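J.: Sequence and predicted structure, then a few things I'm wondering about:
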Amino acid sequence: MSAVFWDFLSEPPFQCFKTPDFMKEKTLIFTACGCVLLCGVLLFLCRTVPSGKIWKAYSVAYVQKSVPAETVLGLLDGAGITGVLSSEHEPFPPLSRFAPVQYGTYGAFSYRILQSVFFADKSDAFALYYIPENDTEKAVEALSASEAEWGIAGRGGNRHAVAAAVFILFLIFLAFAENRLFFACAFFPFVCYTAASPFYDAASFVCLLGFGLFIGQKFWRRRGFLKKTAANAVLAASLFLLIVCSAFSGVKQTLALFAAVLASCSLVYLLYKIEPVLRGKKSFNPVLIIPARRLPFGTVLRMRFALVPAICVCFFAFSAARGFAGVSIPHAKSVYIPAPVRKTMQKDFSSRSYERVLRTNTPERLPDLTDFIHGFWYMQTYPFKKLEKTSGGQNENAHKRPQFGEKVEYPNYEKDGQKLKEVAVTAAVFDESYIADVIRLALGNEDAAQEASTHSAGGAERLLAKQNGFVRTVYRRSDGTQNDISVFVFTLCAFIYILFLLGILGIKRLI
């Protein structure tokens, strides 16, 4: 892999590739092909889905805890929003006067944690309200009346729109490029990078990088190509800022960018080796005699071409700014809220999915639907458990996680002639049918929930059941990378840079 870079960056224009050692050249070609495949896999593995939608069917609003829940729910109710999940919900599983809830635990979580942990952020500075997804815009308008700090988690842009905008830019530049194969090989990996990391800041710099490569494609295969490319300020500045941007975004984005750069270099090298074969001759084209330093920029460095990335960057800058609209929290990145771990998501509520999610170990996990099921089992069966006492004065067996197929029985007596006969009666069986019944109770009556007031629609059990499968939960930063303040800053830098470039082109045109 290092040999590819070393040879690629050698004397222009790639004279070192014309080596008499056929085996070395063959090895480099196969290495470049392997790099392209490896980079494709790496881009797929390092893809990032923006947290524009954290929970299915719900948006998460966080409001400063100093504001009473009744006040917030009143604002939402006044906006016509029903079915809000909040800390004012009815307890589920329901309290049992027979069960010592002050001691009872389900897995690693107490009854109090089960009821409250989903309605506050990790720092306990904000209260969380789960609003039906279709009412998100209404919630923004309603909460705007509050002077407290608040926000809507995951209000990011559409990742498909970001990738589509960059792809359209790619097609426009490809249509006007003189060396289309070079431009396609050099820029398409960065289009894939945008699809893998669809964030406004990265997409803005990729657009500028595309403009730089569009300028550079004019000098392809000319003597002094690398020197001319290195002097391309648009290309150099956009690539540098893209590297800095990915470093701020995280390890996955940095690895994805590394894969895109490596794939671009490998494809350009393969094109250099294959292009003479495609032309049907080994000799150089006479038109390539003119060195790169003597070719003017005029045909590519034009206002109409610079306007294409400018329009895209304006779109990204506007979208990034709009992502902060209505959010008065100055440091949204510090708000960590309960969120599902997508890689642990099971497709249904079957016994197989239940057992599979139990086997999934997630560090620092929060309660999930299995804990609510275990809690319901504990509440329902505690009165029938044997009451042997341990050294702590409590029955430890009553608090263990139920095993699949476990039964709870209690004795009953029937008259058999002149005698009483003891008969075991099954109170409950922990099986797939039992799990389905608890989930049905957790979801409740959907029609009734829509008609209910905002403070009685349900608790976290409804939120978890709405995911249509078992899933582990953890604390996660609410808005991912896209609504981080650094995204806005980097996108603004790209916007200012493109305005500066347009200004220079405008002045040159006037002169």
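T.: Thanks, I have the structure now.
J.: the helices in the stretch 101-250 of the chain, which residues?
T.: Counting by DSSP state H, counting those that start in this stretch, one finds helices in the stretch 101-250 of the chain at the ranges 111-116, 136-143, 159-176, 180-196, 200-216, 225-230, 233-249.
J.: I would like the residues contacting the one helix or strand residue 374 maps to, please.
T.: Secondary structure assigned from DSSP states H and E places residue 374 in helix 369-381. Residues outside helix 369-381 that contact it (CB atoms under 8 Å, 6 or more residues apart in numbering): 92-96, 99, 104, 106-107, 109, 111, 114, 354, 357-358, 398-399, 401-402, 408, 427-428, 430, 434-435, 438-439, 441-442, 460-461, 464-465, 467, 470-471. Heads up, the C-betas are built off the backbone N, CA and C, glycines and all.
J.: Return the most buried member of the helices of the stretch 101-250 of the chain.
T.: helix 200-216 (a mean of 28; mean count of other CB atoms under 10 Å).
J.: now for that helix, which elements pack on it?
T.: Helix 200-216 is packed against helix 159-176, helix 180-196, helix 233-249, helix 303-322, helix 485-510, with contacts defined by 3 or more CB pairs under 8 Å, 6 or more residues apart in numbering; DSSP states H and E.
J.: orientation of it relative to helix 233-249 in degrees?
T.: 160 degrees (axes from the mean of the first three to the mean of the last three CA atoms, to 10 degrees).
J.: tell me the angle helix 200-216 makes with helix 159-176.
T.: Using the same axes, to 10 degrees: helix 200-216 against helix 159-176 is 10 degrees.
J.: so for helix 200-216, what's the average pLDDT?
T.: Taken as a whole, helix 200-216 has an average pLDDT of 81.
J.: The helices and strands packed on helix 200-216: lowest mean pLDDT?
T.: Averaging pLDDT over each of these puts helix 485-510 lowest, since it has a mean of 60.
J.: coming back round to it: select, out of the helices of the stretch 101-250 of the chain, the one closest to residue 383.
T.: Checking those against residue 383 by CB to CB gives helix 111-116 as the closest, at 16.1 Å.
J.: To which secondary structure element is residue 428 assigned?
T.: strand 419-429.
J.: Taking strand 419-429 as reference, get the angle to the next helix or strand after that strand.
T.: Next helix or strand after strand 419-429 toward the C-terminus (DSSP H and E): helix 432-443. With the same axes, to 10 degrees applied, the angle from helix 432-443 to strand 419-429 works out at 60 degrees.
J.: Remind me what helix 432-443 packs against, helices and strands.
T.: So helix 432-443, by 3+ CB pairs under 8 Å, 6+ apart, packs with helix 351-358, helix 369-381, helix 460-465.
J.: Run the angle between the longest one and helix 351-358 for me.
T.: If I follow you right, that is helix 369-381. 110 degrees.
J.: And helix 369-381, what's buried?
T.: Judged by neighbour count (16 or more other CB atoms under 10 Å), helix 369-381 contains these buried residues: 369-381.
J.: still on that earlier bit, could you dump the helices of the stretch 101-250 of the chain into JSON lines and include distance to residue 66?
T.: Below are the helices of the stretch 101-250 of the chain laid out as JSON lines (distance: least, CB to CB, whole Å):
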{"stretch": "helix 111-116", "distance to residue 66": "17"}
{"stretch": "helix 136-143", "distance to residue 66": "14"}
{"stretch": "helix 159-176", "distance to residue 66": "35"}
{"stretch": "helix 180-196", "distance to residue 66": "41"}
{"stretch": "helix 200-216", "distance to residue 66": "32"}
{"stretch": "helix 225-230", "distance to residue 66": "56"}
{"stretch": "helix 233-249", "distance to residue 66": "32"}
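J.: Out of these, flag the one nearest residue 348.
T.: That would be helix 111-116 among the helices of the stretch 101-250 of the chain, by CB to CB, at 23.1 Å.
J.: would you put the C-alpha positions of the closest one in CSV?
T.: The C-alpha trace of helix 111-116 is given here as CSV (Å, rounded to 0.1, in the frame of the first residue of the first chain):
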residue,chain,number,x,y,z
TYR,A,111,-38.4,0.1,40.5
ARG,A,112,-37.7,3.9,40.9
ILE,A,113,-35.0,3.8,38.1
LEU,A,114,-37.4,1.9,35.9
GLN,A,115,-40.0,4.6,36.2
SER,A,116,-37.8,7.7,36.0
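J.: how far off helix 200-216 does the longest helix along the chain point, in degrees?
T.: Scanning the chain for the longest helix, with DSSP state H as the assignment, gives helix 251-279. Interaxial angle of helix 251-279 relative to helix 200-216 (the same axes, to 10 degrees): 20 degrees.
J.: just to confirm, which helix or strand has residue 60 in it?
T.: Per DSSP H and E: strand 58-64 holds residue 60.
J.: Keeping just the C-alphas, turn that strand into CSV.
T.: In CSV, the C-alpha atoms belonging to strand 58-64 read as follows (Å, rounded to 0.1, in the frame of the first residue of the first chain):
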residue,chain,number,x,y,z
TYR,A,58,-41.3,9.9,18.8
SER,A,59,-39.2,13.0,18.9
VAL,A,60,-37.4,13.9,22.2
ALA,A,61,-37.8,17.4,23.6
TYR,A,62,-35.6,18.4,26.6
VAL,A,63,-36.5,21.3,28.8
GLN,A,64,-34.7,22.8,31.8
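J.: Give me the helices and strands touching the very next helix or strand once past that strand, please.
T.: Later in the chain than strand 58-64, the nearest helix or strand by DSSP H and E is helix 69-78. Applying 3+ CB pairs under 8 Å, 6+ apart, one finds that helix 69-78 contacts strand 126-132, helix 136-143.
J.: Run through who's touching the longest one.
T.: Pointing back at helix 136-143 there. So helix 136-143 is contacted by 59, 61, 63, 72, 75-76, 78-81, 131, 150, 152, 155, 325-326 (CB under 8 Å, 6+ apart).
J.: same thing but at 7 Å, please
T.: Helix 136-143 has contacts (CB atoms under 7 Å, 6 or more residues apart in numbering) with 59, 61, 63, 75-76, 78-81, 131, 150, 152, 326.
J.: Same check on the first one?
T.: The contact list for strand 126-132, computed with CB under 7 Å, 6+ apart, reads 55, 57-65, 69, 72, 81, 83-87, 118-121, 139, 335, 337, 463.
J.: Let's test this: mean pLDDT of that strand, rounded?
T.: 91.
J.: relative to strand 58-64, how tilted is it?
T.: Going by the same axes, to 10 degrees, strand 126-132 makes 150 degrees with strand 58-64.
J.: what's near enough to touch residue 185?
T.: 267, 268, 271.
J.: For it, give its distance to residue 268.
T.: 5 Å (CB to CB, to the nearest Å).
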